[in-house]
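[1] Generate coordinates for the sequence data below:
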Amino acid sequence: MRTGAIIWVGILTVLCLLAAPVAHAQDASADPSSAAKSSKKRFAIGVALPLSGEYAPVGKQVLESIELAARDLGVRLVSKDTEGTPVGAIEAVRELAKDDEILAVLGPIGRRESRAAAQIAQREGIPLFSYASSDAVNRAGNWVYRLRLTPAEQARQLADAVRTHLSDQKRVGILFPESNYGREAAVAFATRFAALGGEVSAVASYPEKTTDFRKPLDELVGKRVHLGKRARYGKRRADGDGYAKIRRKASVDFDLLFIPDFHGRISRLLPFLPQAGLQTGEGGKGTAVQMLGLAGWQGSSMKLTGAHAAGAIYTDLFVGDADGGRSEDFATMFEGKTGRRPVDLDAEVFDSAWMVAKLLQKAQKRHQAAANKPSTAELRLFLANQLPRKPEFSGVSGDLGFGQQGAPVRPVKLYQFDVDGTVTPFR
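    Numbering: from 1, shown residues only. Predicted coordinates:
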């Protein structure tokens, strides 16, 4: 009995000694100074942009708008340089995700770097808001959101608006650049326009780098046909560009002309229209058609076209002073802070940063108010769950929400060119 008692005392002593470090660890986790340190966390937004390399000018422009929004709300930013490459984007987002005070990431910009960054954001469980206009980005997973509309999304909304506001004009001709942007927009517009009862009467394309639009326009109005180089059309042989003449006079069988391209080429293309029997905004000889475009039509080059673009209608989200109200106020503020007038990208970026910053502030308050502090993972999920699922966030570039796959849900606005290249809201 005595020997057994000694053994039990020894066992109990060992157990107490083994338990002592555990009890100490529990006391340390409940240390008031540790809790105070946790409650003092100041959460931040990560920014992953090309701040060096070929795309640095765009990256710095975007960062400028993000900083304006963050400064207004007193939100901290942590910026990483993607160098405009997929590898750089992966490293930037990976570093930002490791920081337990960063709850979301704004960027990148390019399609390739955004797709690479999206894979890391999805793996790490951090909300990522990309500025790329590609739906392949947001399809990476439920932690990835796209902030800008694709060319197809813009084109479908334009087709809807045309069938609503210009319902008596049912025939459209489409002239598009041979680029991903041009093809995507042309197909989307044609498909939606036809589904709504319209007729696609003529389609032609032109090389993305061309400066001579005569032959593509001749094809659009039936004066030429594109066969391809060294091909034949009956007795006619195609010329060096692959075109063959089939008639002398133009046959314009459309009321609307949709050209999904950017202002630099649009400003050079419009003066060629009369040679194909089509009027520009200046009037004159030829058939009058209603010109249509997307957001790419807005730009400084359009003021060099004189009245050629007068009357043309295009979609966009922001033009500044012409919008009035908050948009006009933003344009004034932006120019005062940066020394330049804002374009649509500036306004969209400012809105996205403002929206995410407001959600970050909500997460910060939730963390401060909680007795048991939520983890970074829980706060990142909280922020993502607070995103508007309908276009309920109202910014200087309009309303914004997100669909189930992280695509932006936002209505575009219609604008119309005046005789001097300026724009005004359409109706």
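
[2] Tell me the secondary structure of the residue lying closest to L256 once chain neighbours are set aside, please.
    Spatial nearest neighbour of L256, excluding adjacent residues (Cβ to Cβ, 6 or more residues apart in numbering): V172 at 4.2 Å. All C-beta atoms are positioned from the backbone trio N, CA, C, and that covers glycine. Per DSSP: H, G, I helix; E, B strand; the rest coil, the local secondary structure of V172 is strand.

[3] Now for L278: which residues touch it?
    Contacts of L278 were listed using Cβ atoms under 8 Å, 6 or more residues apart in numbering, and they are L217, V221, A250, V252, L257, G286, T287, V289.

[4] For L158, grab phi and psi.
    With angles defined as degrees, to the nearest 10, L158 sits at phi -60, psi -40.

[5] Setting aside sequence neighbours, what's the nearest residue to it?
    Leaving aside its chain neighbours, L158 sits nearest to T315 (4.9 Å; criterion: Cβ to Cβ, 6+ apart).

[6] just E348 next, same as before
    Per Cβ to Cβ, 6+ apart, closest to E348 is S397, 5.0 Å.

[7] Then A152?
    Excluding its sequence neighbours, the residue lying closest to A152 (Cβ to Cβ, 6+ apart) is A188, at 3.7 Å.

[8] same question, A44
    Here the residue nearest A44, using Cβ to Cβ, 6+ apart, is R76, at 4.0 Å.

[9] Check I259 too.
    With sequence-adjacent residues excluded and distances taken as Cβ to Cβ, 6+ apart, I259 is closest to L175, at 5.0 Å.

[10] And the strands in the stretch 51-200 of the chain?
    Counting by DSSP state E, counting those that start in this stretch, the stretch 51-200 of the chain has strands at residues 76-81, 102-106, 128-130, 144-146, 171-177, 199-206.

[11] Parallel or antiparallel, which strands does the last one pair with?
    Looking back up the chat, that one is strand 199-206. Its sheet considered, strand 199-206 pairs with strand 171-177 (parallel) by DSSP bridges.

[12] ok so, going back, so what's the residue nearest to E348 scoring on pLDDT?
    In this prediction, S397 carries a pLDDT score of 96.

[13] cool, and D31?
    Note for D31: predicted pLDDT of 45.

[14] rewinding a little: need the three-state assignment for the residue nearest to L158.
    Under three-state DSSP, T315 comes out as strand.

[15] List the beta-bridge partners for it.
    Per DSSP bridges, residues listed as beta-bridge partners of T315: L414.

[16] Quick one: residues contacting it.
    T315 sits next to Q154, Q157, L158, A161, G293, L294, A295, V412, K413, L414, Y415 when contact means Cβ under 8 Å, 6+ apart.

[17] how does it look with 6 Å?
    Neighbouring residues of T315 by Cβ atoms under 6 Å, 6 or more residues apart in numbering: Q154, L158, L294, V412.

[18] What separation do you get for it and S179?
    From T315 across to S179, the span is 18 Å (Cβ to Cβ, to the nearest Å).

[19] Report how many residues lie close to the residue nearest to L256.
    V172 has 25 neighbouring residues, counting by other Cβ atoms under 10 Å.

[20] Same question for S375.
    Neighbour count of S375, defined by other Cβ under 10 Å: 11.

[21] what does Q405 give?
    Per other Cβ under 10 Å, the neighbour tally for Q405 reads 14.
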